[in-house]
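In: Below is the sequence, then the predicted model.
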Amino acid sequence: MHWDIFCKVIDNHGDIGVCWRLAADLAQRGDTVRLWADDLTALPWMAPQGRAGVTPLPWHDDTDWVAVIPGDVVVEAFGCELPAAFANQMAQTPCPPVWLNLEYLTAEPYAARNHKLPSPVLHGPGAGLTKHFFYPGFNASTGGLLREPTLLAEQAAFERTAWLRQQGIDWQGERLVSLFCYEPAALGAWLRWLANDPMPTRLLVAFGRPQHAVQAEINGQITFEPRQKLASSLSISYLPALSQRDFDRLLWACDLNFVRGEDSLVRALWASKPLVWHIYPQHDNAHHTKLHAFLDAMNAPASLRSFHGVWNGVSHTPLPAPDWADWAACLADWRHRLLAQNDLTTQLLGFVAENR
Ligand code: TRH
């Protein structure tokens with residue numbers, strides 16, 4: 001089948017990150033995809049090799065949509081509105097494409113309630129067609145999570161020492177912690193905790209906002225006591241922008257992953273290591289409810305819940321110490337349950353097959 005996926009980049013890398021993964025997964029399964037995005041600048045580092053079967057295309061206001069014949073399936077990602085001329089083209093096609101609105105990931109109950117709901121288009125562009133909402137999610141009543149058919153085998157064959165060497169990381173067997181976050185209020189407290197822990201840690205800091213946040217803490221605000229312990233307990237490596245493929249491997253290599261947004265969270269779930277999620281903040285604090293729903297779905301133990309509360313600025317108590325064993329058991333158990341549900345791409349393909 002031929003797919004058209006439309007993506008508007010709001011900020012950060014999650015919108016294009018999710019769309020690219022979906023497009024690449026569809027292509028791996030034999031379909032072809034045109035990925036229309038208003039900002040393609042992340043793809044050269046995120047997917048430097050590209051993917052046979054996926055054609056990234058710029059989505060401009062002045063694109064001549066009348067010249068574009070719609071594919072079999074059209075996905076508008078995260079409620080981005082299709083170009084009016086393209087939607088009208090869809091309505092005029094003798095056998096109109098399946099039209100899907102792929103929503104943001106949440107563990108809140110409305111995802112299951114609204115999953116696959118039809119939305120007839122009564123007027124305006126695309127009038128006469130019906131689009132359907134497709135909700136990714138964490139239980140069998142939702143569309144599931146992206147998980148490529150080859151992911152588990154690649155993970156099983158992964159060799160951490162060799163990969164770290166390839167990245168130029170001089171690993172001496174110390175604990176590895178990845179950091180991909182916005183600007184968490186508790187970052188200073190976490191760096192101090194690591195610096196003062198007797199077990200040596202290497203913090204692998206993702207490029208961009210996490211690096212600026214760490215540098216702001218280190219330069220300006222925190223003092224590590226005693227000084228020697230900084231040298232012996234905490235070392236920091238600043239990473240370049242990795243491809244999505246290597247970003248996955250970073251998560252597999254670490255003993256604890258700090259992730260954010262949507263796509264890195266899902267990848268950290270598959271990595272099956274303890275994780276801490278920095279949720280994308282919303283102005284009205286709607287992310288607080290979303291965070292609690294996520295922790296409930298995970299069956300998070302008390303220490304993981306309170307760590308998340310402080311990390312996300314929802315509570316203002318001191319940052320608790322990680323409970324490594326409890327967190328690892330919780331994540332391993334959740335991954336096991338999540339693997340029992342069909343992945344998002346399989347579910348999308350099933351839905352399209354039923355609705356064409
Ligand atoms: O960048 P994000 O914060 O994206 C966010 C969320 O998607 C949020 O829900 C959305 O509303 C907002 O964008 C607009 O986090 P996320 O979702 O994890 O996306 C990061 C992507 O970048 C993911 O696909 C992994 C990829 N990545 C790499 O490929 N290499 C890297 O080195 C890093 C750090 C990330």
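Out: Done, it's in. Since we're looking at a predicted model, the values are computed, not measured.
In: In the stretch 251-356 of the chain, what residue comes closest to the ligand?
Out: With Cβ to the nearest ligand atom as the measure, residue 261 is the residue of the stretch 251-356 of the chain nearest to the ligand, at 2.3 Å. Just so you know, the C-beta spots here come from the backbone N, C-alpha and C atoms, and that holds for glycine as well.
In: ditto for the chain
Out: Closest approach of the chain to the ligand (Cβ to the nearest ligand atom) occurs at residue 14, with a separation of 1.7 Å.
In: Residue 180 versus the closest residue to that residue other than its chain neighbours, what's the distance?
Out: The spatially closest residue to residue 14, leaving aside those adjacent along the chain, is residue 261, at 4.1 Å (Cβ to Cβ, 6 or more residues apart in numbering). Using Cβ to Cβ, to the nearest Å, one gets 8 Å for the distance from residue 261 to residue 180.
In: Need the overlap of contacts for these two.
Out: When contacts are counted by Cβ atoms under 8 Å, 6 or more residues apart in numbering, the set common to residue 261 and residue 180 consists of residue 278.
In: domain parsing for the chain?
Out: Following the assignment in automatic domain parsing, the chain carries domains at 2-145+341-355, 151-339.
In: Comparing the ones you listed, which yields the minimum mean pLDDT?
Out: Mean pLDDT per stretch puts domain 151-339 lowest among the domains of the chain, at a mean of 92.
In: doesn't residue 23 make contact with residue 32?
Out: No. Residue 32 is beyond contact range of residue 23, at 9.5 Å (criterion: Cβ atoms under 8 Å).
In: and these two? which has more neighbours close in?
Out: Taking other Cβ atoms under 10 Å, residue 32 and residue 23 do not tie; residue 23 has more neighbours (26 against 16).
In: was I right about that one contacting residue 5?
Out: Yes. Between residue 23 and residue 5 there is a contact under Cβ under 8 Å: 5.7 Å.
In: need the residues of the stretch 251-356 of the chain near the ligand, please.
Out: Residues of the stretch 251-356 of the chain found near the ligand (Cβ under 6 Å from any ligand atom) are 260, 261, 262, 263, 264, 280.
In: Select from these every entry located in strands.
Out: When DSSP state E is applied, those are split such that residue 260 fall in strands.
In: circling back: give me the more crowded residue out of residue 261 and residue 180.
Out: Here residue 261 and residue 180 are compared on neighbour count by other Cβ under 10 Å; more neighbours surround residue 180, at 26 against 22.
In: residue boundaries of the strands in the stretch 251-356 of the chain?
Out: Counting by DSSP state E, counting those that start in this stretch, the stretch 251-356 of the chain has these strands, from start to end: 256-260, 275-278.
In: got a markdown table for those strands, with mean neighbour count too?
Out: Formatted as a markdown table, those follow (neighbours: other Cβ atoms under 10 Å):
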| stretch | mean neighbour count |
| --- | --- |
| strand 256-260 | 25 |
| strand 275-278 | 24 |
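In: on that earlier part again, between residue 32 and residue 23, what contacts are shared?
Out: Counting by Cβ under 8 Å, 6+ apart, the residues touching both residue 32 and residue 23 are 3, 54.
In: coming back round to it: could you dump the strands of the stretch 251-356 of the chain to CSV with distance to residue 168?
Out: Compiled in CSV, these are given as follows (distance: least, Cβ to Cβ, whole Å):
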stretch, distance to residue 168
strand 256-260, 20
strand 275-278, 25
